[in-house]
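A.B. asks: Would you be able to build a 3D model of this:
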Amino acid sequence: MSRAFVKEDAGAETLPERPVSPLRNLVTRRGLALIDREIEALRAALAAATGAGDRDAIARVSRDLRYWTSRRASAEPVDPSAEGAKITIGMAVTIEDGQGRRRSYRIVGEDEADPKVGRIAWSAPVARALLGRELGDEVDMPFGTAEIVEIDARPEPLPA
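C.D. replies: Numbers count the residues shown, from 1 in each chain. Next comes the predicted model:
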């Protein structure tokens with residue numbers, strides 16, 4: 001068969017770009033450190049994949065590196081207020097519903113959100129309901145009305 005009909009990149013994955021949120025990229029200092037760590041790891045992975053000649057891995061890692069580099073360039077670090085009067089990104093908030101059940105959330109950037117451990121993106125409906133509120137305020141949540149019973153303005157420690 002003639003080489004004119006053989007695709008040069010046959011076998012390499014064609015991956016779509018990772019979607020980037022159209023919202024502002026507000027991040028905590030911890031989130032910024034996590035982005036930097038991810039970029040560093042991806043650069044090492046790209047070097048390894050390039051050295052091994054693994055075109056599929058190069059495509060995957062390159063795509064992820066483009067995403068994280070873009071997120072780093074647009075990152076807007078937000079530090080919680082030292083007074084902790086009004087809820088902002090980076091703060092931990094505990095609410096209590098009418099049955100006395102408590103739920104705690106830490107409001108973080110979109111890329112560092114992990115609802116399983118209570119980290120919710122600032123753009124999530126629950127976080128939006130809490131932002132700008134104060135201790136003792138009542139807020140409407142998807143599960144009903146709740147009162148803000150605790151606000152912790154201490155930032156999470158940076159990753160080691």
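
A.B. asks: Could you grab the helix/strand/coil label for residue 63?
C.D. replies: For residue 63, the secondary-structure state derived from DSSP: H, G, I helix; E, B strand; the rest coil is helix.

A.B. asks: and it, how many neighbours?
C.D. replies: Counted by other C-beta atoms under 10 Å, the residues lying close to residue 63 total 16. For every residue, glycine as well, the C-beta is placed using N, CA and C.

A.B. asks: and residue 37, what element?
C.D. replies: Assigned by DSSP states H and E, residue 37 belongs to helix 29-52.

A.B. asks: do the same with residue 148
C.D. replies: Using DSSP H and E, residue 148 maps to strand 144-152.

A.B. asks: Give me the contacts around that strand.
C.D. replies: 84, 87, 91-98, 102-104, 130, 133-139 (C-beta atoms under 8 Å, 6 or more residues apart in numbering).

A.B. asks: mind checking how far the nearest residue to residue 35 once chain neighbours are set aside is from residue 38?
C.D. replies: Beyond its immediate neighbours in the sequence, the residue positioned closest to residue 35 (C-beta to C-beta, 6 or more residues apart in numbering) is residue 72, lying 5.0 Å away. As for residue 72, its distance to residue 38 is 9 Å (criterion: C-beta to C-beta, to the nearest Å).

A.B. asks: Please compare those two by neighbour count and tell me which comes out ahead.
C.D. replies: The residue with more neighbours, out of residue 72 and residue 38 and counting by other C-beta under 10 Å, is residue 38; that gives 18 against 15.

A.B. asks: thinking that one is in contact with residue 68, fair?
C.D. replies: Yes. In terms of C-beta atoms under 8 Å, residue 38 counts as a neighbour of residue 68; the distance is 5.0 Å.

A.B. asks: Strand partners (parallel or antiparallel) of the strand holding residue 148?
C.D. replies: In the sheet, strand 144-152 lines up against strand 92-97 (antiparallel), strand 138-141 (antiparallel) (DSSP bridges).

A.B. asks: Centre of the chain to the longest one, how far?
C.D. replies: Right, strand 92-97. Averaging C-alpha coordinates over strand 92-97 and over its chain gives two centres that are 21 Å apart (C-alpha atoms, centre = their mean, to the nearest Å).
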